[in-house]
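Visitor: Here is a sequence together with a model predicted from it:
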Amino acid sequence: MLHPSYSDLMKVVNSEVEPGEEKIVNSRYSIVMATSKRARQIIAGHEPMVKAREGEKPLSIAIEELEQGKIRILGEEEEKEA
């Protein structure tokens with residue numbers, strides 16, 4: 001089983017959203033896409049933003065980064081601005 005759970009990760013990502021605003025992440029798909037994109041960046045040579053253990057897989061590192069708030073998933077409006 002994946003730890004943390006998808007629902008825990010969704011809570012972390014949406015924690016900065018004010019009541020009444022649209023949530024950044026509404027599905028598992030968004031979590032999967034964000035962590036897989038970050039894992040590909042790590043594979044390509046980007047430095048992990050968390051302390052990685054010897055032999056830890058890039059996807060596990062990406063999930064830990066998301067859980068600790070080191071990476072953000074941008075909403076549609078923020079993504080257009082970037």
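Guide: Right, received. Where do you want to start?

Visitor: quick one, helices of the protein?
Guide: Under the criterion DSSP state H, the chain contains helices at 6-13, 28-43, 58-67, 76-81.

Visitor: Can you tell me which of those helices is nearest to Gly20?
Guide: For Gly20, the closest of these is helix 76-81, at 15.8 Å, according to C-beta to C-beta. (C-beta placed from N, C-alpha, C; glycine too.)

Visitor: Could you check how far the residue nearest to the spatial centre of the chain is from Glu56?
Guide: The residue lying closest to the centre of the chain (C-alpha atoms, centre = their mean) is Leu66, at 3.6 Å. Distance of Leu66 to Glu56, computed by C-beta to C-beta, to the nearest Å: 15 Å.

Visitor: What of Ile42?
Guide: Taking C-beta to C-beta, one finds Ile42 at 10 Å from Glu56.

Visitor: out of those two, which sits in the more crowded spot?
Guide: Ranked by neighbour count (other C-beta atoms under 10 Å), Ile42 and Glu56 place Ile42 first, with 20 against 14.

Visitor: wait, doesn't that one sit right on Ala62?
Guide: Yes: Ile42 is within contact range of Ala62, at 6.5 Å (criterion: C-beta atoms under 8 Å).

Visitor: pretty sure Asn14 contacts Ser27?
Guide: No: between Asn14 and Ser27 there is no contact, the gap being 11.6 Å when judged by C-beta under 8 Å.

Visitor: Among those two, which residue is more densely surrounded?
Guide: Asn14 (15 against 11).

Visitor: who touches that one in this structure?
Guide: Lys23, Ile24, Val25 (C-beta atoms under 8 Å, 6 or more residues apart in numbering).

Visitor: Cool, thanks, talk later.
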